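Engineer: Quick one, what's the 3D model for this:
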Amino acid sequence: MAAAAMPLAELEQWLQARVDQHPAATSLPMLDGYVAAIVAGPVSMSPLDWICPLLAIDADAFNHGGTPEFAAISAAALRHNEISQILSTTPSQFAPMHRRQPNGEVDPRPWCQGFYAAMRLRLSAWAPFLDASNVSHRLLLPILLHCRDDQAGPLLGPPRTGRDTRDSLRNARLDIPAAVEAMRQYWMPIRYARAR
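Structural biologist: Down below sits the predicted model:
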């Protein structure tokens, strides 16, 4: 599948051209966050179940090589395999694809929004991490702090005001790589026990 993969720069343009079809990702950071959640999440999923909503394509696109849709499928699958390989062999090398804002600051929001979009595919499976009283909830915080709900408000509710809150939000992105690896480690025994 890798030979037919669409180059990443082309994939981003392709995603942006499909906004009207409502793909789960409209940028590379969103795609990267989405795929990271699939790799590190609680359940193994068929590629059809996560790639179709990711790219806003029909399952039949998997049957037609040589098309732009198939090249996008291949690129998403390739990124899945890359993230899986990194988290399996050199987790300290995992780095989310974040963009920089015009002022030079890293913007983790699209990546986090992509991660959350993938979570929503099987939200009930993520329940232990969504329960604020569960100690594992802290692993999701660096991601969910940057997410928006369906009404474009902060997913976790309005943040407190003040410099400490702004600094916490700005620095939360630094915890994302370790949190993704910790989630993967948490879910592995459960995920692979379910797959048997």
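Engineer: Quick one: the helices in the protein, in order.
Structural biologist: 8-17, 28-40, 47-55, 68-89, 109-119, 127-130, 137-144, 163-172, 176-195 (DSSP state H).
Engineer: who touches the third one?
Structural biologist: Right, helix 47-55. Helix 47-55 has contacts (Cβ atoms under 8 Å, 6 or more residues apart in numbering) with 15, 18, 23-25, 31, 34-35, 38, 57-59, 61-62, 69, 72-73, 76-77, 80, 118, 121. For glycine as for every other residue, the C-beta is placed from the backbone atoms N, C-alpha and C.
Engineer: quick one: that helix to helix 109-119, angle?
Structural biologist: Interaxial angle of helix 47-55 relative to helix 109-119 (axes from the mean of the first three to the mean of the last three Cα atoms, to 10 degrees): 140 degrees.
Engineer: what about burial for the contacts of helix 47-55, which qualify?
Structural biologist: Neighbour counting with 16 or more other Cβ atoms under 10 Å marks 15, 18, 23-25, 31, 34-35, 38, 57, 61, 69, 72-73, 76-77, 80, 118, 121 as buried within the contacts of helix 47-55.
Engineer: and Trp14, how many neighbours?
Structural biologist: Look at Trp14: counted by other Cβ atoms under 10 Å, it has 17 neighbours.
Engineer: What are the neighbouring residues in contact with it?
Structural biologist: Applying Cβ under 8 Å, 6+ apart to Trp14 gives the contacts Met6, Pro68, Ala72.
Engineer: quick one: the second one and Gln151, what's the gap?
Structural biologist: Taking Cβ to Cβ, to the nearest Å as the criterion, Pro68 is separated from Gln151 by 33 Å.
Engineer: neighbour-wise, which of these two wins?
Structural biologist: Shown here are Pro68 and Gln151; by other Cβ under 10 Å, Pro68 has more neighbours (15 against 5).
Engineer: so what's the more buried one up against?
Structural biologist: Met6, Trp14 are the contacts of Pro68 under Cβ under 8 Å, 6+ apart.
Engineer: Quick one, grab the pLDDT at it.
Structural biologist: Per-residue confidence (pLDDT) for Pro68: 94.
Engineer: All further residue positions should be reported with the first residue as 19.
Structural biologist: Fine by me, first position is 19 from now on; the one you just mentioned is Pro86.
Engineer: close enough to count as contact, Glu199 and Phe112?
Structural biologist: Yes. At 6.3 Å, Glu199 counts as touching Phe112 under the criterion of Cβ atoms under 8 Å.
Engineer: returning to that earlier point: how about the helices of the chain in a markdown table, adding distance to Asn121?
Structural biologist: As requested, these are exported to a markdown table (distance: least, Cβ to Cβ, whole Å):
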| stretch | distance to Asn121 |
| --- | --- |
| helix 26-35 | 22 |
| helix 46-58 | 17 |
| helix 65-73 | 30 |
| helix 86-107 | 28 |
| helix 127-137 | 14 |
| helix 145-148 | 32 |
| helix 155-162 | 21 |
| helix 181-190 | 12 |
| helix 194-213 | 20 |
